[in-house]
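Novice: just a sequence and a predicted model for now, questions to come.
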Amino acid sequence: ALRLSYLRSGGHDPAILDQLLHLQLEATVLEKGTAGLRRGRRMEPPNTGTHGLDAALLAVELENRRLEDELLALKVRRERRADAGSRAAQQHTEELARLQAEVGMLRCHAEQTRPWLHAPVLPHPIAPLLPP
């Protein structure tokens, strides 16, 4: 649960994940040992074949869990990147719409003020025009 919580909150440091995996292995070994004692079975010596198989099976199981956690971390990172990309695209779209509206207002303002700004200024004629 601690490892999953760490991964879901964005943790991805391999050293911490290894420590969490080691702690989980220790907890599993302790739980198996205490569960065996509670049932009244005596613990097998470490050199027996079944203990070696149990340890190998536990190692494979822990490796599978580690790989599952790594996959989960990759999925979380991919989703975060996709979310960040969609947020950035939305912000760009909003900024583009704002700029287009501003350009439209400036065009409208320019069209309204254009006749007064660009009225042709011709000099007054000095002499009357001659008949043809």
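Specialist: It's in. Numbers count the residues shown, from 1 in each chain.

Novice: can you count the residues close to residue 7?
Specialist: Residues lying near residue 7 (other Cβ atoms under 10 Å) number 22. (C-beta placed from N, C-alpha, C; glycine too.)

Novice: what's the host helix or strand of it packed up against?
Specialist: Here residue 7 sits within helix 2-8, counting by DSSP states H and E. Helices and strands touching helix 2-8, by 3 or more Cβ pairs under 8 Å, 6 or more residues apart in numbering; DSSP states H and E, are helix 14-38, helix 49-117.

Novice: quick one: residues contacting the residue sitting nearest the centre point of the chain.
Specialist: Nearest to the mean C-alpha position of the chain, by Cα atoms, centre = their mean, lies residue 80 at 1.5 Å. Residues counted as contacts of residue 80 (Cβ atoms under 8 Å, 6 or more residues apart in numbering) are residue 10.

Novice: would you mind measuring from it to residue 100?
Specialist: Remark: distance between residue 80 and residue 100 (Cβ to Cβ, to the nearest Å) = 30 Å.

Novice: now swap in residue 5 and tell me
Specialist: In terms of Cβ to Cβ, residue 5 sits 45 Å off from residue 100.

Novice: again with residue 56
Specialist: 65 Å.

Novice: for residue 20, same thing?
Specialist: Distance from residue 20 to residue 100, by Cβ to Cβ: 51 Å.

Novice: likewise for residue 23?
Specialist: Applying Cβ to Cβ to residue 23 and residue 100 gives a distance of 56 Å.

Novice: residue 13 now?
Specialist: 45 Å.

Novice: same question for residue 7.
Specialist: For residue 7, the distance to residue 100 equals 42 Å [Cβ to Cβ].
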